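Asks: structural data only, the sequence is not supplied:
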């Protein structure tokens, strides 16, 4: 038996977070020398240009792949255990669908979706910054690792159901031969 966990995510909100974070970082850097650092600050900001948007989509696709790989151990062992996503460049919303053991706690799907979004954003930010600011980008790897730890907490199993049998039903007898 299994359950299906469906995480409904919004690509526009994820992209907005990456754009806002990169904008803030570039703006802070530019304050050191607005004239000299204006071009660099502009180049560091994610989004708004076709090639930048394509890079963000590539980073999102890679982040989803990492998430799916990290969730593999939680998938149902049976043949129906799987994970998939509906990410496309033409739709703003997408889902990640996981088939897990039927004992997983149903009440933690919403926090898991929020944490998944945080993981994806952190992975994208790492991808955005790791070439130009490798030391800075490591903070996003730490954020992603923290999100995964909390996602794993959301995948806690519930206690197994009690059998209809009773332990007093277990008996033994001895007969003469």
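Replies: Yep, that arrived. Bear in mind the structure is a predicted one, so any value in this text is a computation, not a measurement. Numbers count the residues shown, from 1 in each chain.
Asks: all contacts plus neighbour counts: C-alpha atoms, from now on.
Replies: OK.
Asks: and the residue nearest the centre of the chain?
Replies: residue 116 (3.1 Å; CA atoms, centre = their mean).
Asks: quick check: it touching residue 151?
Replies: Yes. At 7.2 Å, residue 116 counts as touching residue 151 under the criterion of CA atoms under 8 Å.
Asks: what does the model give the residue nearest to the centre of the chain for pLDDT?
Replies: Residue 116 is assigned a pLDDT of 97 by the prediction.
Asks: please apply the same query to residue 170.
Replies: Residue-level pLDDT assigned to residue 170 equals 84.
Asks: quick check: it vs residue 145, distance?
Replies: Relative to residue 145, residue 170 is positioned 47 Å away (CA to CA, to the nearest Å).
Asks: next: residue 68.
Replies: 14 Å.
Asks: who has more neighbours out of the two?
Replies: Neighbours were counted for residue 68 and for residue 145 using other CA atoms under 10 Å; residue 68 has more, 19 against 15.
Asks: contacting residues around the nearest residue to that one once chain neighbours are set aside?
Replies: Spatially, and ignoring its direct neighbours in sequence, residue 68 is nearest to residue 83 (6.6 Å; CA to CA, 6 or more residues apart in numbering). Listed by CA atoms under 8 Å, 6 or more residues apart in numbering, the contact partners of residue 83 are 68, 72, 75, 96-99.
Asks: please name the bridge partners of residue 83.
Replies: Per DSSP bridges, the residues bridged to residue 83 are residue 98.
Asks: about what we covered before: and the residue nearest to the centre of the chain, which of the three is it?
Replies: helix (DSSP: H, G, I helix; E, B strand; the rest coil).
Asks: and it, what does it touch?
Replies: 67, 147-148, 151.
Asks: looking at those, which are in helices?
Replies: Secondary structure from DSSP state H places 67, 147-148, 151 of those in helices.
Asks: closest one to residue 21 out of the residues you listed, please.
Replies: Comparing the ones in helices among the contacts of residue 116 against residue 21 with CA to CA picks out residue 147 as the nearest, at 17.4 Å.
Asks: what about that closest one, neighbour count?
Replies: Quick note: residue 147 (other CA under 10 Å) scores 21 neighbours.
Asks: for stretch 90-99, what is the average pLDDT?
Replies: Averaging pLDDT along stretch 90-99 gives 93.
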